[in-house]
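Peer 1: structure of the sequence below:
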Amino acid sequence: MKKNASLFTRNILFVGVVVFLFVLSTGSFAAEPIKVKIGLSNDPGSPRVRGAELFAKLIKERTNGQVEVKVYPSSQLGATRAMFEQIQMGSLECTLAPTSYFGAFSKMITVLDLPFLFPDIKTYYKVMTGPFADEIGQETQKAKMEALAFWTAGWKQFTSNFPIRSPGDFKGHRVRVMPSPVLMEQYKSYGATPVPIDLGELYNALQLGTVDAQENMLYRIQEMKYFEVQKYITISNHALMPEIIVVGKMWWDKLPQDIQKKMIMTFREIAPEEFKWIDEDDAKALKVFEKHGNVIYKLTPAEWKEFQKLAPPVWDKVVSQFGGKTGDYLNKLKAAIAAAQ
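Peer 2: Predicted structure coming up:
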């Protein structure tokens, strides 16, 4: 009797082991999904938010549900700097923001904000998906972050309460800039006083006359309703606004390599799609400005060159101020731009 009971027990154990191995091999004991929060300052429907939402959809498909992303737009998780700090502390996984805001964590990244560097969007994407982008992206590690990709928010334009035809027209005016030493030097070269103001406070600052000009993309000018408190919109295309996608380094280093590769690849694939939406939204924004009665002016090639002439001295000044590897990064960036054209 004991022998039969012992045999029965062994059989039960054997079946249990077989079932366990089968379940394990078929993935029925699925691991908990990797949850990713992406914090953004933009409103729903904007190109940046749509890009993040497309990433959420694609990465879930490509990892068979292993990665689940939730997008938090409209600064729900805090202002841009606060979101960077949350990533450092590990309470937020990811954010996508202009490189200008990264200056508080790494000045080297803001070399990308120098005006009149990139001649067109194709060149930008070639450079910012290549070796140079990988190298400068490593600067984020010093701030306990990891750069996964670079996007762009589009071409920046001027808005103001005075006509702009030349750099001298800025003289004596106060211009809102993002908190970037690069942008401050740019507007100082025009004779303006640059004033760093948070995005959420900019509308009131323009309305009250705290500043009387700013730079932004056309769709963003519409989205934030700056056209309501600025009479003039000058199409200058003086610089692209680079965006950086970062995650917390400690969190990132714990992810499987195959997941890391899929996330990086997916973010980089989406970048050109985001720019298509930007182009479409810029065109729609212009119609809104026309209907509102804004004075819209496009710089002539000769006028554009007057602004361009002031760019190299700004580059040199930034290199001198930042020191370190700044000159090396700028030279590598210019070489990468030349090779990409």
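Peer 1: against residue 320, how distant is the closest residue to residue 143 other than its chain neighbours?
Peer 2: Distances taken as Cβ to Cβ, 6 or more residues apart in numbering place residue 105 nearest to residue 143, at 3.8 Å, with adjacent residues excluded. Glycine gets a C-beta too; all of them are placed from N, C-alpha and C. Note on residue 105: its distance to residue 320, by Cβ to Cβ, to the nearest Å, is 21 Å.
Peer 1: packing partners for the lengthiest helix in the chain?
Peer 2: Determined from DSSP state H, the single longest helix within the chain is helix 257-292. Here helix 257-292 touches helix 47-62, strand 67-72, helix 121-127, strand 145-155, helix 218-223, strand 295-298, going by 3 or more Cβ pairs under 8 Å, 6 or more residues apart in numbering; DSSP states H and E.
Peer 1: just list the residues touching the residue nearest to residue 143, thanks.
Peer 2: 84, 140, 142, 143, 145 (Cβ atoms under 8 Å, 6 or more residues apart in numbering).
Peer 1: the second one belongs to a helix, doesn't it?
Peer 2: This means residue 140. Yes: assessed by DSSP: H, G, I helix; E, B strand; the rest coil, residue 140 belongs to a helix.
Peer 1: pull the distance from the strand or helix carrying residue 37 to the chain's centre.
Peer 2: Assigned by DSSP states H and E, residue 37 belongs to strand 34-39. A distance of 16 Å separates the centroid of the chain from that of strand 34-39, by Cα atoms, centre = their mean, to the nearest Å.
Peer 1: now do the strands in the stretch 101-250 of the chain.
Peer 2: In the stretch 101-250 of the chain, the strands defined using DSSP state E, counting those that start in this stretch lie at 145-155, 157-160, 174-177, 193-196, 213-216, 232-235, 240-248.
Peer 1: with respect to residue 295, which of the ones you listed lies nearest?
Peer 2: Across those, residue 295 has its closest neighbour in strand 232-235 (4.9 Å, Cβ to Cβ).
Peer 1: pLDDT of the closest one, averaged?
Peer 2: The average pLDDT within strand 232-235 is 98.
Peer 1: before we move on, the earlier item: nearest to residue 79, out of the strands of the stretch 101-250 of the chain?
Peer 2: Ranking the strands of the stretch 101-250 of the chain by proximity to residue 79 (Cβ to Cβ) places strand 193-196 first, at 12.6 Å.
Peer 1: low-confidence bits of this structure, can you list those?
Peer 2: Applying pLDDT under 70 to the chain flags the ranges 1-30.
Peer 1: centroid residue for it?
Peer 2: Residue closest to the mean C-alpha point of the chain, counted by Cα atoms, centre = their mean, is residue 243 at 2.3 Å.
Peer 1: skipping adjacent residues, who's closest to it in space?
Peer 2: Looking at residue 243 with Cβ to Cβ, 6+ apart, the closest residue is residue 151, at 4.2 Å.
Peer 1: tell me how many other residues crowd the one you found.
Peer 2: By other Cβ atoms under 10 Å, the residues close to residue 151 number 28.
Peer 1: residues contacting it?
Peer 2: 48, 51, 96, 242, 243, 245, 267, 270, 271, 274.
Peer 1: 7 Å instead, please
Peer 2: Listed by Cβ atoms under 7 Å, 6 or more residues apart in numbering, the contact partners of residue 151 are 51, 96, 243, 245, 271, 274.
Peer 1: do the same with residue 46
Peer 2: When contacts are counted by Cβ under 7 Å, 6+ apart, residue 46 touches residue 223.
Peer 1: mind redoing it with 8 Å?
Peer 2: Contacts of residue 46 by Cβ under 8 Å, 6+ apart are 73, 219, 220, 223, 281.
Peer 1: again with residue 134
Peer 2: Neighbouring residues of residue 134 by Cβ under 8 Å, 6+ apart: there are none.
Peer 1: how near is it to residue 150?
Peer 2: With Cβ to Cβ as the criterion, residue 134 and residue 150 are 10 Å apart.
Peer 1: can you check residue 307 too?
Peer 2: To residue 150, residue 307 is 24 Å away according to Cβ to Cβ.
Peer 1: how about residue 143?
Peer 2: According to Cβ to Cβ, residue 143 and residue 150 sit 16 Å apart.
Peer 1: run the chain-centre distance for stretch 194-209.
Peer 2: 21 Å.
Peer 1: so what touches that stretch?
Peer 2: The contact list for stretch 194-209, computed with Cβ under 8 Å, 6+ apart, reads 41, 75, 79-80, 174-179, 183-184, 186-188, 210-212, 214, 224-226, 229-230.
Peer 1: swap the cut-off to 6 Å and go again
Peer 2: If you take Cβ atoms under 6 Å, 6 or more residues apart in numbering as the criterion, stretch 194-209 is touched by 174, 175, 176, 177, 179, 184, 187, 211, 229.
Peer 1: of those residues - the most surrounded one?
Peer 2: Neighbour counts for the contacts of stretch 194-209 (other Cβ under 10 Å) peak at residue 176, which has 25 neighbours.
Peer 1: wait, which of the contacts of residue 46 is closest to residue 324?
Peer 2: The closest of the contacts of residue 46 to residue 324 turns out to be residue 220 (Cβ to Cβ; 31.8 Å).
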